[in-house]
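Visitor: quick one, fold the following:
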Amino acid sequence: MLVVGFPTGALQANCYLIAAGKGAPCVIVDPGQDAADAVAKAVREHGLSPVAAVLTHGHFDHCFAVTPICDGDGIPAYIHPDDRDLLSDPLKGVSTDTAAFFGGKLQMREPREVRELADEAVLDLAGLSITVDHTPGHTQGSVTFRCDTEEGGRLLFAGDTLFAGSIGRTDLPGGDVRQMASSLRTKILTLADDTVVLPGHGPTTTIGRERGTNPFLAGLEEGSEDSTAQGPLRGL
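Guide: This is a model prediction of the structure:
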């Protein structure tokens, strides 16, 4: 399996391309700000053919380039219905400071073809089987994507739900600390320790490493929801 990842834009959100191998169809995960050129370069370098773009949530740093990429290649975009409105109203989901940074103006529109994601749906794309888990907390429509490799590995594209040493912030419009705690407890901590986590920002990690060292996860397996209030959160 081929996974190509790189940070994009002012907020350095991670974009990923996943495929069975070089010269194969691929899925684009979270094509954010300034991602179009980097995606095109990776596609050429590895001989890939994009078939879809899938979005972990609707914040613009993860989906700003989805429309030019999807419409340019005639491919669909997948997003949870609870975040779909952010594709055409990106400032709706950000803080006032972030909005001010961009001058209060940030124009986007939906791609021509948008397909809505459902919890526990299994997407058959590019010869890959991708499981969708609805993980509200950072936004109402946040999801993660799980995919097994032919070599026996497990991958989790975590968006802004889980990071190395942190979790997504819950103080933005649509965020909810209790929903985040529930998502982490029921959808993240249930995964195998050897699952490789490819987050929306920052370096890769594993479920086992985060289970043992991430302060935000402490106590969640026992049902506590207080640990998500500790320390600095990440995300837009």
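Visitor: biggest helix in the chain, by residue count?
Guide: Scanning the chain for the helix with the most residues, using DSSP state H, yields helix 35-46.
Visitor: model confidence for the most centrally placed residue in the chain, exactly?
Guide: Residue closest to the average C-alpha location in the chain (CA atoms, centre = their mean): residue 159, at 2.7 Å. The per-residue pLDDT reported for residue 159 equals 98.
Visitor: state the distance from it to residue 73.
Guide: 22 Å (CB to CB, to the nearest Å). Just so you know, the C-beta spots here come from the backbone N, C-alpha and C atoms, and that holds for glycine as well.
Visitor: now residue 149
Guide: 25 Å.
Visitor: could you do residue 40 as well?
Guide: 10 Å.
Visitor: repeat for residue 172
Guide: 31 Å.
Visitor: ok, residue 205 - contacts?
Guide: 163-165, 196-197, 199 (CB atoms under 8 Å, 6 or more residues apart in numbering).
Visitor: let's see it at 7 Å
Guide: Neighbouring residues of residue 205 by CB atoms under 7 Å, 6 or more residues apart in numbering: 164, 197.
Visitor: return the helix or strand in this structure with minimum mean pLDDT.
Guide: helix 96-101 (a mean of 70; mean pLDDT, DSSP states H and E).
Visitor: which element follows it toward the C-terminus?
Guide: strand 114-116 (DSSP states H and E).
Visitor: which helices and strands does that following strand pack with?
Guide: In this structure, strand 114-116 makes packing contacts with strand 77-79, judged by 3 or more CB pairs under 7 Å, 6 or more residues apart in numbering; DSSP states H and E.
Visitor: could you list the low-pLDDT ranges of the protein?
Guide: 95, 99, 101-105, 222-236 (pLDDT under 70).
Visitor: contact partners for residue 77?
Guide: Residue 77 touches 53, 55, 66, 70, 111, 113-114, counting by CB under 7 Å, 6+ apart.
Visitor: now do the helices in the chain.
Guide: 35-46, 60-63, 66-73, 96-101, 177-183, 207-213.
Visitor: most neighbours per residue, which of those helices?
Guide: helix 60-63 (a mean of 28; mean count of other CB atoms under 10 Å).
Visitor: follow-up on the earlier one: what's the angle from the longest helix of the chain to helix 66-73?
Guide: Going by axes from the mean of the first three to the mean of the last three CA atoms, to 10 degrees, helix 35-46 is angled at 40 degrees with respect to helix 66-73.
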